[in-house]
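Novice: Quick one, what's the 3D model for this:
(one chain, ligands or ions: 2)
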Amino acid sequence: MAESEERTFLAIKPDGVQRGIIGEIIKRFEMKGFKLVGMKMLEASEDLLMEHYIDLKDRPFFPTLLKYMRSGPVVAMVWEGKGVVKTGRVMLGETNPADSKPGTIRGDFCIDVSKNIIHGSDSVESAKKEISLWFKPEELVTYTSCAFSWLY
Ligand SMILES: Nc1ncnc2c1ncn2[C@@H]1O[C@H](COP(=O)(O)OP(=O)(O)O)[C@@H](O)[C@H]1O
Ligand SMILES: [Mg+2]
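Specialist: Ligands and ions are numbered 1, 2, ... in the order given. As a prediction, the model looks like this:
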């Protein structure tokens, strides 16, 4: 990974998966120019989600949030590129879809804060924590082993 590059953790939540928005979300990040370096589908365990959302554990919506995140499979991804954490958040929109501008993922595809289809790390530091929580190092690629640099 080049020094100037950073990584973020994105997760397409169960509603995004069930509504068939996986491809659209991946397409937006690909077209923007970011690199997908890790991806898997899983039914996230309660322990994993408790850890992931630990900062929100005292919020009144926490039990609902856990139930929502366990309502089906999620697509966990790691994306790499210059400024990907901040730009990723801009591409997601605001936490509440009602405050999200058209053109953002939440602004275009959802209406309810409790069903906002996608997670994205909010800082480089939390991205590092989240990536190590959801992925083993060997589940991530670097593209350095590509025999030819077709695009990158
Ligand atoms: N007031 C709320 N009511 C229900 N769910 C909420 C509320 N606020 C946040 N959430 C849920 O918790 C997730 C995590 O919250 P937060 O970290 O504040 O937002 P973000 O996902 O934009 O970083 C949100 O994406 C959303 O799914
Ligand atoms: Mg957050």
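Novice: Got phi/psi on Val75?
Specialist: The phi/psi pair for Val75 (degrees, to the nearest 10) reads phi -110, psi 110.
Novice: Next, the contact list for it, please.
Specialist: For Val75, the contact set (CB atoms under 8 Å, 6 or more residues apart in numbering) comprises Ala11, Ile12, Gly16, Val17, Ile22, Met39, Lys40, Met41. C-betas here are computed from N, CA, C, even on glycine.
Novice: 7 Å instead?
Specialist: Ala11, Ile12, Val17, Ile22, Met39, Met41 (CB atoms under 7 Å, 6 or more residues apart in numbering).
Novice: can you redo the residues you listed as TSV with distance to ligand 1 and secondary structure?
Specialist: Output for the contacts of Val75, formatted as TSV (distance: CB to the nearest ligand atom, whole Å; DSSP: H, G, I helix; E, B strand; the rest coil):
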residue	distance to ligand 1	secondary structure
Ala11	10	strand
Ile12	12	strand
Val17	14	helix
Ile22	17	helix
Met39	19	strand
Met41	19	strand
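Novice: For His119, give the beta-bridge partners.
Specialist: Under the criterion DSSP bridges, His119 forms beta bridges with Ala11.
Novice: From what I see, it and Lys13 are in contact.
Specialist: Yes. Here His119 reaches Lys13: they are 6.4 Å apart, a contact under CB atoms under 7 Å.
Novice: Of these two, which one has the most company?
Specialist: Lys13 (24 against 20; other CB atoms under 10 Å).
Novice: I'd guessed the more buried one sits against Met69; true?
Specialist: Yes. The criterion here is CB under 7 Å, and Lys13 meets it with Met69 at 6.4 Å.
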